[in-house]
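>>> Give me the fold of what follows.
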Amino acid sequence: MTREEVRALLLSFPDVEDGVSYGEPSFKVRGKFFTWMRPALDDSIVVHLDNRDERNLLIEMDPATFHFTDHYRDHAIVLARIATVDPVWLKAALAKRWLRVAPKRLVQQHPRLTGTGSSA
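Coordinates of the predicted model:
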């Protein structure tokens, strides 16, 4: 993927807006933090996971794509290199994150993201 493709994917989620945090591209859902890109860290995107075991498994399975820094050691976060991340995996991971941070009323308006509506 390219940065532009990742940005387009992020902005495809309802009410996501882009901005800048600490000098790097960041994204929010109605003012709540969604994620950010880290160009200085191997041109990666920050992906929030369910737990650190999931992160460790991803890194073990594909160390060319997934990594983390000491800053993220105690968090269920993995850095995914934009150039090699699987777009289908990234979309699914970002959808899970969107469902966690989006206001409940907004989530209810988009059942396709919850798996309860059509996939259109």
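
>>> how about the helices of this structure, start to end?
3-11, 52-61, 87-101, 104-108, 111-114 (DSSP state H).

>>> I'd like to check the angle between the third one and helix 3-11, please.
In terms of direction (axes from the mean of the first three to the mean of the last three Cα atoms, to 10 degrees), helix 87-101 departs from helix 3-11 by 40 degrees.

>>> and what of the second one?
Angle between the axes of helix 52-61 and helix 3-11 is 150 degrees (criterion: the same axes, to 10 degrees).

>>> can I get the helices of the chain in CSV with distance to Phe34?
(C-beta placed from N, C-alpha, C; glycine too.) Formatted as CSV, those follow (distance: least, Cβ to Cβ, whole Å):
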stretch, distance to Phe34
helix 3-11, 7
helix 52-61, 18
helix 87-101, 6
helix 104-108, 12
helix 111-114, 13
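
>>> so can I have a markdown table of those showing distance to Tyr22, mean neighbour count and mean pLDDT?
Formatted as a markdown table, the helices of the chain follow (distance: least, Cβ to Cβ, whole Å; neighbours: other Cβ atoms under 10 Å; pLDDT from 0 to 100):
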| stretch | distance to Tyr22 | mean neighbour count | mean pLDDT |
| --- | --- | --- | --- |
| helix 3-11 | 17 | 16 | 96 |
| helix 52-61 | 21 | 14 | 96 |
| helix 87-101 | 19 | 16 | 96 |
| helix 104-108 | 26 | 12 | 93 |
| helix 111-114 | 28 | 13 | 76 |
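
>>> for the ones you listed, which one sits closest to Trp36?
Proximity to Trp36 (Cβ to Cβ) singles out helix 3-11 among the helices of the chain, at 9.5 Å.

>>> Quick one: list the elements packing against that closest one.
If you count contacts as 3 or more Cβ pairs under 8 Å, 6 or more residues apart in numbering; DSSP states H and E, helix 3-11 packs onto strand 16-21, strand 24-29, strand 32-38, helix 87-101.

>>> Ok, which of the helices of the chain comes nearest Arg38?
Nearest to Arg38 among the helices of the chain is helix 3-11 (10.9 Å), distances taken as Cβ to Cβ.
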